[in-house]
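Colleague: got a predicted structure here, sequence first:
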Amino acid sequence: MKKIKLLSAMVAATLSVTMSTEAEMTTSAANARNYINASNELMLYGIIGDWWDGNDALSVISQLEAVKPEGDLHVRIFSEGGNFLEGLAIYNALKMSDRRVVVTIDGFAGSMATIIALAGDEVRMPRNAYQFIHMASTHVSGNADELRATADQIEQFSQQAATIYAERSNLSEEQALALMAANTWMNAETCLEHGLIDSILDPIEAVARAVDLGEMVMPSGMFALMQLPIPATENLTPAAGDAANLNNNEEANVPVPNSRTKMTAGQGGQSNATTEAEFRAAGITFERERQTELRSIATTSGVSTEMLSGWIDSDITIDKAREAAMTDMAARDTENMPSGRQSVVVMGAGDMRAEISNALLHRVAPGVISLEEGNTFAHMSLGEMCRQSLVNNGVNVTGMNASQVAATAMQSTSDLPSIFADVANHELARGYTTNVRSFTLFAQRKNLPNFKAHNITRLSDAPQLLPKTEAGEYKLGYLSDSNEALALQTKGRIVRITREMIINDDLDALSRLPYMMGAQAALNETRVVYGLLAANAKTGEDSKPVFDVAHKNLIASGGKPSVAELSKMRKLLRTQKSKAAKGETGFPLNTKLHTIIIPAALETDGDQLQVQITPNAVGEVNPFGKLNVITEAILDEESEVEYFGVGDPALVDSVVYGYLEGQEGAYIDSQIDFNSDGVVFKVRHDFAAAIVDYRGLVKNSGAA
């Protein structure tokens, strides 16, 4: 896999920053995390694109959204560069910001970091800071064609970088490319001259702590580096008075030359003793500056404390230290490249799942589901959600096309299949509840533990209490019963979400289809219940139809719904007798008329019964104004004139319906389909209904 980077091949080891040795810095800035500091500034410290330290585009842009919205947006950069494409995303985000962007380069900006800096409306740089630019580079293996293609890609990236330099600076694209090809270091003055920055800041003066090196032997090359002659032995012989002082371990009290002053051979003191003191002081100053520079290189390049200690204890030169730092940084950069299975935690799994579900539900039903504030998946397509879900689960999606992303999301540790199932189930439930199941107004619910046929036993009345016989005995009474069968029926359908649907951002499979299937499940229940009334099946009690003259619940010669016809139906319900004990006669149930169920053809007649009109006479009073009227078009399939009455369900259980225990309504099961690189949803609905007692029902055959 190709890893295209605009990463500095040279570490900024020659940074001329001033610093204090009082607090040795052992933490590399390149390993610091991207964050918002206490001053509400965005800190880009480290390698651009490093997901581990939060310097990848996603993390940086997330931090941008967290910055307080008022005032200028301050960005501080201390970076050696990094991934070209990740850097472009950060650059574009800053360029498109509605706020004025102020960029400060804290010491060093190399490679891609110099391009990000140019996104600022104002770019500032301390006088002792540096920038470094060079051509894009990469490491790749392959055949000749692949290598040529890679070279063409790298040239495009270098040209794009030169274009950005030219747009923001005084350089032309050709001049920018020339500087990049030369691996150019630039101090603040040069950057200002080229227009890469807008102003130079005065650096904070660092104060070096005095270090007493005692009798430490200085390397032989030190004098040459200081441009001083190696003193002859006779020149180091102190004067008699000074020798006495030196023998007492006291240095001569002589002026110490300024460490920034260029010393020459003619700068000796007035006496041999003075010359030795100057040599000694200059050597101490040189070693101080060498250690300070070594620490600067170590801090910038992020080498270990052990390596820095080795440099200080040896006589390594600054140039050699730079080379060692470059080698160490290149090795660490290779080791820190993220692999495809490393975990990157952007948010908790539960938070991610909730946010994706909310974003999807808002897309499919914006008028019903509100988008939660701060949802990072808002307005993403299905493909974008798949890609981000994989990234959050530690899957490297670099180089994957849309088809590969979709297939991987469906068949990996991604939460997408479960999230899609959640959304589909939500829409299924919404469709189920939207379709009104009017039978719940008068039917009783009874859930079933399994799919076996369950007998609903209806007991008779208790035997009547009778007087004791003359012999003082009580007569034995007997109960009678009847059974009606209630059995669950399972209906369902399969829906498949394929990678093609994800690529096409087709939400119907997640929303419209489950919604419609939920509505179908509710409609199925309605058809089953009202189908029982229209079918007029035989009862288990006496094998006669539910509505029969023998049951005294049928008006064979009736008429349209009216006060007169409803009065007949009400009377039949009031006088209907209970199921008597064996050998006895039942008593009137006195059940009031609770609901009438009419076909759509009689809806107007039903509405007229419910209208409360001020009567002109007592005979015009409508006694059924508060009656429940249900209009059900399913009844029209059997008859447009027949209608039904239902007694109070609290007194008589006439119609019973139920679900499998624990699974009430329609449900969705899902599984990954390896044959289609998608997810299969199975919509399942278990439902049962039965008429268990004819005594709470009455039928009017209507007008002939």
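Modeller: Received the coordinates, thanks. As the structure is a prediction and not an experimental result, all values here were calculated from the model.

Colleague: in the chain, which residue is closest to the centre?
Modeller: In the chain, the centroid-proximal residue (C-alpha atoms, centre = their mean) is residue 352; its distance is 3.3 Å.

Colleague: spatially nearest residue to that one (excluding sequence neighbours)?
Modeller: When the adjacent residues along the chain are set aside, residue 352 lies closest to residue 392, with 5.6 Å between them (C-beta to C-beta, 6 or more residues apart in numbering). C-betas here are computed from N, CA, C, even on glycine.

Colleague: just to revisit the earlier point, helix or strand for the residue nearest to the centre of the chain, which one?
Modeller: Residue 352 is part of helix 349-364, with elements assigned from DSSP states H and E.

Colleague: contacts for that helix next, please.
Modeller: Helix 349-364 is touched from outside by 346-347, 368-372, 375-380, 385, 389, 392, 415-416, 418-420, 422-423, 426-427, 507, 510-512, with contacts defined as C-beta atoms under 8 Å, 6 or more residues apart in numbering.

Colleague: then it to PDB, C-alphas only?
Modeller: Extracted C-alpha coordinates of helix 349-364, given in PDB (Å, rounded to 0.1, in the frame of the first residue of the first chain):
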ATOM      1  CA  ALA A 349     -19.000   2.500  20.900                       C
ATOM      2  CA  GLY A 350     -22.300   3.300  22.600                       C
ATOM      3  CA  ASP A 351     -22.000   7.000  21.700                       C
ATOM      4  CA  MET A 352     -21.200   6.300  18.100                       C
ATOM      5  CA  ARG A 353     -24.000   3.800  17.700                       C
ATOM      6  CA  ALA A 354     -26.500   6.300  19.200                       C
ATOM      7  CA  GLU A 355     -25.200   9.200  17.000                       C
ATOM      8  CA  ILE A 356     -25.400   7.100  13.800                       C
ATOM      9  CA  SER A 357     -28.900   5.900  14.600                       C
ATOM     10  CA  ASN A 358     -30.100   9.400  15.400                       C
ATOM     11  CA  ALA A 359     -28.500  10.800  12.200                       C
ATOM     12  CA  LEU A 360     -30.200   8.100  10.100                       C
ATOM     13  CA  LEU A 361     -33.600   8.400  11.700                       C
ATOM     14  CA  HIS A 362     -33.500  12.200  11.200                       C
ATOM     15  CA  ARG A 363     -32.800  11.600   7.500                       C
ATOM     16  CA  VAL A 364     -35.700   9.200   7.100                       C
END
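
Colleague: any buried residues in that helix, and which?
Modeller: Applying a neighbour-count criterion of 16 or more other C-beta atoms under 10 Å, the buried positions in helix 349-364 are 352-364.

Colleague: counting by contacts, list what the lengthiest strand in the chain packs against.
Modeller: Looking across the chain with DSSP state E, the single longest strand is strand 678-691. In terms of contacts (3 or more C-beta pairs under 8 Å, 6 or more residues apart in numbering; DSSP states H and E), strand 678-691 is packed against helix 416-434, strand 481-486, strand 489-497, helix 499-503, helix 512-535, strand 655-658, strand 666-673.

Colleague: by how many degrees do the helix or strand following the helix holding residue 352 and helix 349-364 diverge?
Modeller: Scanning forward in sequence from helix 349-364, with DSSP H and E defining helices and strands, the next element found is helix 382-392. With axes from the mean of the first three to the mean of the last three C-alpha atoms, to 10 degrees as the criterion, the two stretches helix 382-392 and helix 349-364 enclose an angle of 170 degrees.

Colleague: following the chain past helix 382-392, name the next helix or strand.
Modeller: Scanning forward in sequence from helix 382-392 by DSSP H and E, the next helix or strand is helix 402-410.

Colleague: got the CA coordinates for that next one in PDB?
Modeller: What follows is helix 402-410, C-alpha atoms only, in PDB (Å, rounded to 0.1, in the frame of the first residue of the first chain):
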ATOM      1  CA  ALA A 402     -16.800   3.000  -2.000                       C
ATOM      2  CA  SER A 403     -17.600  -0.700  -2.800                       C
ATOM      3  CA  GLN A 404     -14.800  -2.000  -0.600                       C
ATOM      4  CA  VAL A 405     -15.800   0.300   2.300                       C
ATOM      5  CA  ALA A 406     -19.500  -0.900   2.100                       C
ATOM      6  CA  ALA A 407     -18.500  -4.600   1.900                       C
ATOM      7  CA  THR A 408     -16.000  -4.200   4.800                       C
ATOM      8  CA  ALA A 409     -18.500  -2.400   7.000                       C
ATOM      9  CA  MET A 410     -21.100  -5.100   6.500                       C
END
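
Colleague: what angle separates that helix from strand 678-691?
Modeller: Helix 402-410 runs at 50 degrees relative to strand 678-691, counting by the same axes, to 10 degrees.

Colleague: can you pull the buried residues of helix 402-410?
Modeller: Residues of helix 402-410 classed as buried by neighbour count (16+ other C-beta under 10 Å): 402, 405, 406, 407, 408, 409, 410.

Colleague: from the residues you listed, which is closest to residue 175?
Modeller: Comparing the buried residues of helix 402-410 against residue 175 with C-beta to C-beta picks out residue 402 as the nearest, at 39.7 Å.

Colleague: so which bits of the longest strand of the chain are buried?
Modeller: 678-681, 683-691.

Colleague: any low-confidence regions in the stretch 51-200 of the chain?
Modeller: Low-confidence regions of the stretch 51-200 of the chain, defined by pLDDT under 70, span residues 52, 66-68.

Colleague: repeat for the stretch 401-550 of the chain
Modeller: Screening the stretch 401-550 of the chain residue by residue with the criterion pLDDT under 70, one finds the ranges 411-415, 455-484, 499, 505-510.

Colleague: picking that back up, got the angle for the helix holding residue 352 vs helix 512-535?
Modeller: Compare the direction of helix 349-364 with that of helix 512-535 by the same axes, to 10 degrees and you get 70 degrees.
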